[in-house]
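Student: Next comes the sequence, and after it the predicted model I'd like to discuss.
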Amino acid sequence: MEEPDLAIVCEIEDLSFPNPWKESIFRGEIHNEPISFPFVIVHRFQNRIIGYIVFWHVSEEVHINNIAIHPDFRRQGIAESVLRNVLDQLQKKGASFVTLEVRPSNAAAISLYEKLEFRPLCVRKDYYRTPREDALILGKYLI
C-alpha cells in the first residue's frame, strides 16, 4: 500500500465497516515501519485495487488489524486466498501466533476465520463503538 492507493482503500473501508478507519490511520500504517505491513489486493485481470490487508508483525507474533474486499468482489475466495498466502509467508518468516478481532455479528468473517482454523481466545467487552458491540478475539498457531 502506498499513499496514492489511499483514496480507493478508504472507499473500500467505508463500504465495508460501520466505523471505518480514516485516511490518516492508513497513512500512519504505511509509515509505521518495521512493524506494520499494509498491502493492497489488485485484481489480476482488471489491474485495480479490490481490497487490502494491514497487519503487524512483531517478533513471533502477528496481529491482523484490518482486511476488506470491495463488495463487488466478495464471495469469490479472495480474502481466503490472501489470508492463506499471508499466513504461509509469515510462518516462513518465523511467526508462530496470529490474533485478530471480529464482531460477533460478522458471521461471514467468523466463518472464514474458522475455516482457516482460528479459534476463540476471549471477548473484549464494548470494543466496537458504532454500533456498540463486543469483539471476539481469535487466534491461530502457525507452528
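Tutor: Yep, it's here. Since the structure is predicted, the reported quantities are computational estimates derived from the model, not experimental observations. Numbers count the residues shown, from 1 in each chain.

Student: Let me see the contact set for residue 6.
Tutor: Going by C-beta atoms under 8 Å, 6 or more residues apart in numbering, residue 6 touches 23, 26-27. For every residue, glycine as well, the C-beta is placed using N, CA and C.

Student: Apply 10 Å and report the result again.
Tutor: The contact partners of residue 6, taken as C-beta atoms under 10 Å, 6 or more residues apart in numbering, are 13, 23-24, 26-27, 30, 38, 40, 52.

Student: Same check on residue 108?
Tutor: Residues counted as contacts of residue 108 (C-beta under 10 Å, 6+ apart) are 74-75, 79, 102.

Student: just so I have it, where are all the strands in this protein?
Tutor: When assigned using DSSP state E, the strands of the chain occupy the ranges 36-42, 49-58, 61-69, 97-102, 119-129, 132-141.

Student: Tell me which other helices or strands the fourth one touches.
Tutor: Read that as strand 97-102. Helices and strands touching strand 97-102, as assessed by 3 or more C-beta pairs under 10 Å, 6 or more residues apart in numbering; DSSP states H and E, comprise strand 49-58, strand 61-69, helix 78-92, helix 107-115, strand 119-129, strand 132-141.
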